[in-house]
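Novice: Please work out how this folds:
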Amino acid sequence: MSPEFRDLIGEEGTPEELERLRRVHDLLVSVDPPPDLPRKLARTPRPRVVWLRPRVQAAIGLAAAAAIAIGFGIGYGVHGGSGSFSANHVVPMHGVGPDKGAKAWIAIGTRDANGNWPLEMTVQQLPALPHGGWYELYLTKKGKSKVTCGTFRTGAQLVRVRLTAPYDLREYDGWIVTAHVKGEHDRVLMTT
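Specialist: Predicted structure coming up:
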């Protein structure tokens, strides 16, 4: 037994609206209920595990290793002519979201007697921010920004900045670059 139209809608509305709603109500009441779901569709299908052939796995592994080597090679190459800065390690970064084309390399020098790690960061294709905006480099733990390593601005295709990290770098698992713009929430533009 279907509910009566007036019990559902009441008397509110213009006569035209009520008439249109009555026609829709009458159409809905006149059709049969949908058929029951077939048992085959009622249960969740088991996931299929697809194993790659050993040669494909090896090719993927080699491609990943080559990409990492190229990234480190570019980082070392970019920092080869950077004056007196000597890098012991280079960490590549990549852009995320709308800035996925941005790239960066953080060259980490030798820790000084006071416990400071000198950093030289090279950034490519990161857009200039509006007046008063700046970028900030953070060390992260589990993807969350924990401590800052400094701020910078950019307006060129390639910018190189010197920063410092007075922290034990082994306590952190990554790096991010955020944008600070007045009136906007800080957003992550690059990550390791």
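Novice: And H25, how far from P15?
Specialist: H25 is 15 Å from P15, where distance means C-beta to C-beta, to the nearest Å. For glycine as for every other residue, the C-beta is placed from the backbone atoms N, C-alpha and C.
Novice: Of those two, which one has the most company?
Specialist: Counted by other C-beta atoms under 10 Å, H25 and P15 do not tie: H25 has more neighbours, with 16 against 7.
Novice: hang on, the more buried one in a strand?
Specialist: No: counting by DSSP: H, G, I helix; E, B strand; the rest coil, H25 falls outside a strand, being helix.
Novice: Do I have it right that it meets E4?
Specialist: No: with contact defined as C-beta atoms under 8 Å, H25 does not reach E4; the gap is 9.2 Å.
Novice: Between those two, which contacts overlap?
Specialist: Shared contacts of H25 and E4 (C-beta atoms under 8 Å, 6 or more residues apart in numbering): none.
Novice: Can you give me the end-to-end span of stretch 159-173?
Specialist: 25 Å (C-alpha to C-alpha, to the nearest Å).
Novice: For that stretch, give the mean pLDDT please.
Specialist: In this model, stretch 159-173 has a mean pLDDT of 91.
Novice: what's that stretch in contact with?
Specialist: By C-beta under 8 Å, 6+ apart, stretch 159-173 touches 82, 85, 108, 114-123, 126, 137, 139-142, 146-147, 149-150, 152.
Novice: Out of those residues, name the ones that lie in strands.
Specialist: Taking DSSP state E, the ones among the contacts of stretch 159-173 that sit in strands are 108, 117-123, 137, 139-141, 146-147, 149-150, 152.
Novice: Just the buried residues of these.
Specialist: For the ones in strands among the contacts of stretch 159-173, a burial check counting by 16 or more other C-beta atoms under 10 Å picks out 108, 117-123, 137, 139-140, 149, 152.
Novice: and which of the residues you listed is nearest L21?
Specialist: Of all these, L21 sits closest to T140, with 55.6 Å by C-beta to C-beta.
Novice: Pull up the gap between the nearest residue to that closest one once chain neighbours are set aside and K146, please.
Specialist: Nearest residue to T140, sequence neighbours excluded (C-beta to C-beta, 6 or more residues apart in numbering): G174, at 4.4 Å. According to C-beta to C-beta, G174 and K146 sit 10 Å apart.
Novice: Pull up the overlap in contacts between those two.
Specialist: L139, T140.
Novice: What ranges does the protein have for its strands?
Specialist: In the chain, strands defined by DSSP E lie at 89-95, 103-108, 117-124, 134-141, 144-152, 158-165, 174-180, 187-191, listed in chain order.
Novice: Redo those as CSV? Include distance to A69.
Specialist: Formatted as CSV, those follow (distance: least, C-beta to C-beta, whole Å):
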stretch, distance to A69
strand 89-95, 11
strand 103-108, 14
strand 117-124, 18
strand 134-141, 24
strand 144-152, 26
strand 158-165, 22
strand 174-180, 20
strand 187-191, 20
